[in-house]
Each structure stands twice: as C-alpha cells, then as structure tokens.
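*Asks:* Structure for this input, please:
(one chain, ligands or ions: 1)
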Amino acid sequence: MKSWFKLDPTSDFSIHNIPFGIISSASLSKRVATRIGDSIIDLYALAKLDVFSSLGVLPDVFNADFLNDFIAEGKEKTKAVRKKIQEMLTDDQSILKHNPQVFLDEAEVQVHMPVKVTDYTDFYSSIEHATNLGKLFRDPENALLPNWRHLPVGYHGRASSIVESGVNIHRPKGQMKPADGPPVFGPCKLLDFELEVGFIIGKETQLSDSISTEAAEEHIFGLVLFNDWSARDIQKWEYVPLGPFLGKSFASSISPWVVTLEALDRFRVPGPKQEPEVLDYLKYQGVRNIDLKLEVSLTPENGSETVISESNFKYMYWNMAQQLAHHTVNGCNVHVGDMMASGTISGKDERSFGSMLEMSYAGKKTIPLRDGAERKFIKDNDTIVMRGHCEKDGIRVGFGEVRAQVLAAK
Ligand code: MN
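*Replies:* Numbers count the residues shown, from 1 in each chain. As a prediction, the model looks like this:
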C-alpha cells in the first residue's frame, strides 16, 4: 500500500494499522478517531462528509464517548470502515486527501479510555510466568499446579479501575502479613507491574451460549497493552483460597489505541506445543499466536529511562481463542466491551520476565538501572512504560505505549 500521507517508517501507526480510539480537543467533544503516524483523523468529521454511509455506518456512531457502539456495529462494518480509511490514504483523489481539516496533530488532542469496560477477566496463560511464580511461592520441583496444562487458569477482575495511559496511580494501601509477626495495615511495599496484552470483546453472546475455538476470533475486536498493577505483599496474604482481590483491583492501565485483530493477522506464528493433549473444546485449528515484541521501562523521578524487560506475546501457552472458549464453555455470556487480559507474559530468560517479582526473585536480587540506581520493586514517583509492536517484511504495526507514574499512597 503506497500512501500520499508522508509517514516515518518507524511509526507504530502505519497505514497497515489504523487502530481506533477516543479523542477530544479544546474545541471538539469526545469522538471516535484513528491515528496515522503522529496525526489523528477525526472520524466523526470524516463520517459527516458521507464517506461511510455506503457501508451502512452512520456519522452518529462516531460521535461517542466510547468505542462500544462502533464495535457493536459488527466486524463486517468495522472492517469495512478500516479498509475504507486505508483506501482513502492511498487514493490521491480521495475525500480524505481533500479535507485536511479532519486531521489533527497528536499534540493538540487528548486521548481517552477507548472502551467502556463492561467486565474484566485476567488469565494466567504464560507457562514461564506460572512456573516462575510456582517456584518462588510453592515448590521448585512441582512449580505448575496440576490443572495448569489442562485449562487456561483465570480469575474475575475488576472493570471499574481500568484506566487509560497517562492516568497516574496511587500506591495502594492494605493488609499485609510480615513473616515474623501479626498482620499490619499500610501502603504496600512490594508494588509491581504485570506486562500483559488485553483483548476486547466485539460480539456478544446470550446466557448459556458457548463460543468455540473456531468462532472465537469473530468475537474479538482488537487488542491493547495492559499493565496489571499488583501489590505483591497484599496479594500474598489475601489470595488463599479464592484468588487475587485487593492486591490487583486498585488499578490496571491500558494503551489508548485499540489495534484490530485484522491489523495483526500477518504477524501470526504457531504457539508452543501443548502437552498433554487438551480436551476437545480447547483444541484449535490454524495459527493463533502473534509475534508482538513487548518491552517495559522504569524511569525514576528526575532519572533516565531503563528498559528492564523485553518479552513477546508469542510465548503464550494458551491462545486467545482457547481462553474465550474456556471462559464461555459453562454458558457464561460476554458483552461488547468486555476485557480479557493474557496474564503476565514472561519468556524463558531473565531479560524477558514480565514482572519485577520474577526479575528480583521475590526481592532477593536487585534490578540495575542506568545512572547506578537499582530496584527490587516500584518506588514512589517511578514511571512505568510498556510498549509493543509487530514488524515483518518492512511492515510495522504497533500499540504506542501505556504509561503511568506511581504516586505516594493517598
Ligand atoms: Mn495479571
């Protein structure tokens, strides 16, 4: 695809991407937009020029605080809108080319939560991460629990505290249990990030319906980077026997541009071999993992940025289709706007661990930073940034970043 739009080849937001998000500006109310390079296209303004009505998508769908109504139009229509934008970006005679007023500079807009998150589930689908945690917290010889290779373990998370990149996070307070004394209350001491990727449901089901692995991707609109902040000391004391609660629910941060599954299609790679063989409802056809390079950086207050982790979404043991099939096999219904996160994405070597808990071996080792500083966990005023992009045959599709600074406990 050759575009008249001049684009830096290292941009995550190439013509092959065309993600969707919500923006506003000093003079514009919240609306649906896309991003190309460092430019934003106001899709409500573009729709009012009558470019999408032949696809059956009316301008009002773009005049919205969230993407949910646009997503609910269905994949046929959202795919057609994305394709139409790509066509207009390659056609010298297009309405887009001749209406430069629909372009906004990235610096003049505010980017908001892309979706109203209706419900949130967090999986635990990286075998390296689950093994590392099993070794640290339980038994180095039998790190994986007996169910782990048979089903994608998950828990029901909290939707209300999912926020967009740029929203700073206060260190949570809670109950913790020192090894040598009774429980205490206070600001958590072991604050961590979890490097994850989330997917957003684009097609609802009714109660008692199940989604097969074959049909699963029809229900996935797109993906975002997902930082699942975790208070390890609160988590360790509270999680038995029902799983994570306040150590997780204080906040999760997402990247603001939703990258569609279609934009990621060319970057598919086979996943790891699953042994033992899974039950029939978890079997799948096709190539379902995505070669998506991920990194995490930490920047101390007034310090310089250090990339402390480099991982890849392709390491996932359980893929999104299997997660969704498992999630709904009991008849649990899903809604447009539901968020499903992967679980921490770790690779085999230390450099690819997706949490500080793993990198610091639960606080036994320090993580070196530039300028001589070091960390075991996150300190107040540290900024955590996650980035992710795919690249193949000179084509780049990326997510930009999800960024937040950790502030002192409130
Ligand atoms: Mn998590």
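
*Asks:* from the middle of its chain, how far away would the worst-scoring helix or strand of the chain on mean pLDDT be?
*Replies:* The weakest-scoring helix or strand in the chain, judged by mean pLDDT, DSSP states H and E, is helix 127-137 (a mean of 92). In terms of C-alpha atoms, centre = their mean, to the nearest Å, the centre of helix 127-137 is set 21 Å apart from its chain centre.

*Asks:* mind listing what the residue in the stretch 201-350 of the chain positioned nearest to the ion touches?
*Replies:* In the stretch 201-350 of the chain, the residue found nearest to the ion is D228; the distance is 3.5 Å by C-beta to the ion. For the C-beta atoms, the positions are set from N, CA and C on the backbone; glycine is no exception. Going by C-beta atoms under 8 Å, 6 or more residues apart in numbering, D228 touches 122, 157, 193-194, 196, 248, 252, 341, 344.

*Asks:* which pair in these spans the largest distance?
*Replies:* G157 and F193 (15.2 Å; C-beta to C-beta).

*Asks:* between the two, who's got more neighbours?
*Replies:* F193 (30 against 22; other C-beta atoms under 10 Å).

*Asks:* what ranges do the helices span in the chain?
*Replies:* 43-47, 68-72, 75-90, 127-137, 232-238, 246-249, 320-328, 356-359 (DSSP state H).

*Asks:* Close to the ion: what parts of this structure are there?
*Replies:* With C-beta under 5 Å from the ion as the criterion, the chain meets the ion at residues 122, 194, 228.

*Asks:* Hmm, the second one is touching S230, no?
*Replies:* Going back to what we said before, that points to E194. Yes: applying C-beta atoms under 8 Å, one finds E194 in contact with S230, separated by 5.6 Å.

*Asks:* circling back to that earlier point, just send the residues of the chain next to the ion back as CSV, with pLDDT too.
*Replies:* Shown next, in CSV, are those (pLDDT from 0 to 100):
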residue, pLDDT
D122, 98
E194, 98
D228, 98
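
*Asks:* Could you dump these into TSV and include distance to G181?
*Replies:* Shown next, in TSV, are the residues of the chain next to the ion (distance: C-beta to C-beta, whole Å):
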residue	distance to G181
D122	31
E194	28
D228	29
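
*Asks:* I'd like the distance from the longest strand seen in the chain to the chain centre, please.
*Replies:* Longest strand in the chain, counting residues (DSSP state E): strand 395-407. Between the centre of strand 395-407 and the centre of its chain there are 10 Å (C-alpha atoms, centre = their mean).

*Asks:* and that strand, which residues are buried?
*Replies:* 396-406 (16 or more other C-beta atoms under 10 Å).

*Asks:* Next: stretch 298-306.
*Replies:* So, applying 16+ other C-beta under 10 Å, buried residues of stretch 298-306: 298-300, 303, 306.

*Asks:* Number of residues surrounding K177?
*Replies:* 14.

*Asks:* Surely it and K189 touch.
*Replies:* No: counting by C-beta under 8 Å, K177 sits too far from K189 to count as a contact (12.0 Å).

*Asks:* one step back: alpha carbons only: can I get the longest strand of the chain in CSV?
*Replies:* Coordinates of each C-alpha in strand 395-407 appear next as CSV, following Å, rounded to 0.1, in the frame of the first residue of the first chain:
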residue,chain,number,x,y,z
ILE,A,395,5.7,-3.6,7.7
ARG,A,396,5.2,-2.3,11.2
VAL,A,397,2.1,-2.3,13.3
GLY,A,398,2.3,-1.2,17.0
PHE,A,399,0.4,-0.1,20.0
GLY,A,400,2.3,3.0,21.1
GLU,A,401,2.6,2.9,24.8
VAL,A,402,0.9,2.6,28.2
ARG,A,403,2.5,5.0,30.7
ALA,A,404,1.8,5.8,34.3
GLN,A,405,3.7,7.3,37.2
VAL,A,406,3.3,5.8,40.7
LEU,A,407,2.4,8.4,43.3
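
*Asks:* So for it, mean pLDDT?
*Replies:* Mean pLDDT, computed over strand 395-407, is 98.

*Asks:* In the stretch 51-200 of the chain, where is pLDDT below threshold?
*Replies:* Across the stretch 51-200 of the chain, nothing is flagged by pLDDT under 70.

*Asks:* what about the strands in it?
*Replies:* 103-105, 110-112, 120-123, 154-156, 162-164, 169-170, 173-176, 184-187, 191-192, 195-201 (DSSP state E, counting those that start in this stretch).

*Asks:* got a list of what I290 touches?
*Replies:* 264, 267-269, 313-314, 390.

*Asks:* whoops, R35 was the one
*Replies:* 13, 17, 19, 21, 41, 106, 257, 400.

*Asks:* Let's see the ChimeraX selection covering just the buried ones among these.
*Replies:* Buried subset of the contacts of R35, written as a ChimeraX selection, criterion 16+ other C-beta under 10 Å:
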select :13,17,19,21,41,257,400
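
*Asks:* of the contacts of R35, the lowest pLDDT goes to which?
*Replies:* E106 (92).

*Asks:* how about the nearest residue to that one, chain neighbours excluded?
*Replies:* Of all residues not flanking E106 in the chain, D38 sits nearest, at 4.4 Å (C-beta to C-beta, 6 or more residues apart in numbering).

*Asks:* Many thanks, we can stop here.
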